[in-house]
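[1] show me the folded form of this:
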Amino acid sequence: MFRFFYVIFINLFRTPYMITKMRWYADHPELHSREDCYALAQRCIRIVKRTGWIKTIASGTEHLPSEGGYLLYPNHQGKYDVLGIMYTHERPLSFIIDDSVSHGILIREFTDLVQGGRLHIEDLKQTLVLFKERATQVAEGLRLIIFPEGVYIRGKKNELERFKPGSFKLAKMAKVPIVSVALYDSYQVFNSSHLGPVTTYVDYLEPIPYEAYAGLKTQEIAHIVQERIQAALDSRAAKLKEQQ
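    Predicted structure coming up:
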């Protein structure tokens with residue numbers, strides 16, 4: 001958390017301008033395309049990275065589908081997860097976020113800027129409505145991040161929690177490829193006491209086409225995606241150990 005407040009403090013002179021600009025872009029979609037809004041989001045991320053001594057390395061971007069919409073299912077480690085993915089993903093992305101954490105300073109503006117979906121976790125009716133809405137948009141070309149672990153848990157570092165099968169109902173509804181994403185050391189940015197330079201990793205895995213999971217239950221899909229991400233995390237840990 002120290003780095004989070006440090007980044008906000010060191011950028012205080014920029015914050016009013018950036019908040020106003022993000023708010024303007026979000027409130028006037030007739031003037032600013034999704035591409036314009038995403039470019040502004042990436043600019044904000046670059047400022048955060050530069051002033052927070054954050055380096056993010058991506059691999060597997062060649063696996064990303066070249067056309068159409070798809071769903072990205074990453075593990076969840078903390079506040080930097082979405083930023084790390086968006087920094088390494090060239091084309092516009094949106095995400096689904098727990099409504100209870102989406103109204104803080106800068107988070108609210110950033111969520112609105114990229115048209116993020118706010119999920120009321122305990123409200124099944126609202127969840128279904130949001131999933132139907134986003135499934136239609138993804139089927140029409142939207143690329144969307146959803147965290148199958150739900151909220152992140154402090155202190156788990158690079159360990160996984162059980163993936164929630166319900167999050168994969170969205171994939172079944174949208175009928176699009178699933179892109180598993182392995183985030184490594186992302187927790188060190190804003191969810192640890194580490195203050196020095198930090199390197200995080202975003203590993204995009206080969207997509208799972210709809211045809212490959214259409215006949216599976218959501219529990220089975222969750223198990224497959226979790227195993228793929230776990231294998232990628234183990235591989236990343238082994239590579240870093242070899243470099244030491």
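[2] ranges for the strands of this structure?
    Using DSSP state E, the strands of the chain run over residues 54-59, 70-74, 94-98, 117-119, 143-145, 178-184, 198-204.
[3] list the buried residues of stretch 112-125.
    Under the neighbour-count criterion of 16 or more other CB atoms under 10 Å, stretch 112-125 has 112, 113, 114, 115, 116, 117, 118, 119 buried. From N, CA and C alone the C-beta is placed, and that goes for glycine too.
[4] tilt between the longest helix seen in the chain and strand 178-184?
    If you go by DSSP state H, the chain has its longest helix at helix 218-243. Counting by axes from the mean of the first three to the mean of the last three CA atoms, to 10 degrees, helix 218-243 lies at 40 degrees to strand 178-184.
[5] what's helix 218-243 packed up against?
    strand 70-74, helix 169-174, strand 178-184, strand 198-204, helix 210-213 (3 or more CB pairs under 8 Å, 6 or more residues apart in numbering; DSSP states H and E).
[6] closest to residue 61 out of the ones you listed?
    Counting by CB to CB, residue 61 lies closest to strand 198-204 out of the helices and strands packed on helix 218-243; the figure is 5.8 Å.
[7] who's in contact with the closest one?
    3, 53-61, 63-64, 80, 84-85, 88, 179-186, 188-189, 232, 236 (CB atoms under 8 Å, 6 or more residues apart in numbering).
[8] please apply the same query to stretch 220-239.
    Residues from elsewhere that reach stretch 220-239 (CB under 8 Å, 6+ apart): 73-75, 148, 158, 160, 162-165, 167-168, 171-172, 178, 180-182, 184, 201, 203, 205, 208, 213, 216.
[9] next one: stretch 111-120
    22-23, 25-27, 34, 37-38, 40-41, 86, 92-99, 102, 110, 126-127, 130, 133-134, 144.
[10] quote the end-to-end distance of that stretch.
    End-to-end distance of stretch 111-120: 15 Å, with CA to CA, to the nearest Å as the criterion.
[11] thinking again about what came up before, dump the strands of the chain to CSV, plus mean pLDDT.
    Listed next are the strands of the chain as CSV, based on pLDDT from 0 to 100:
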stretch, mean pLDDT
strand 54-59, 98
strand 70-74, 98
strand 94-98, 97
strand 117-119, 97
strand 143-145, 98
strand 178-184, 98
strand 198-204, 98
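[12] can you redo those strands as CSV with distance to residue 222?
    Shown next, in CSV, are the strands of the chain (distance: least, CB to CB, whole Å):
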stretch, distance to residue 222
strand 54-59, 24
strand 70-74, 9
strand 94-98, 16
strand 117-119, 17
strand 143-145, 16
strand 178-184, 11
strand 198-204, 19
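[13] residue ranges with poor pLDDT in this protein?
    1 (pLDDT under 70).
[14] could you identify the most distant pair in the buried residues of stretch 112-125?
    113 and 119 (17.7 Å).
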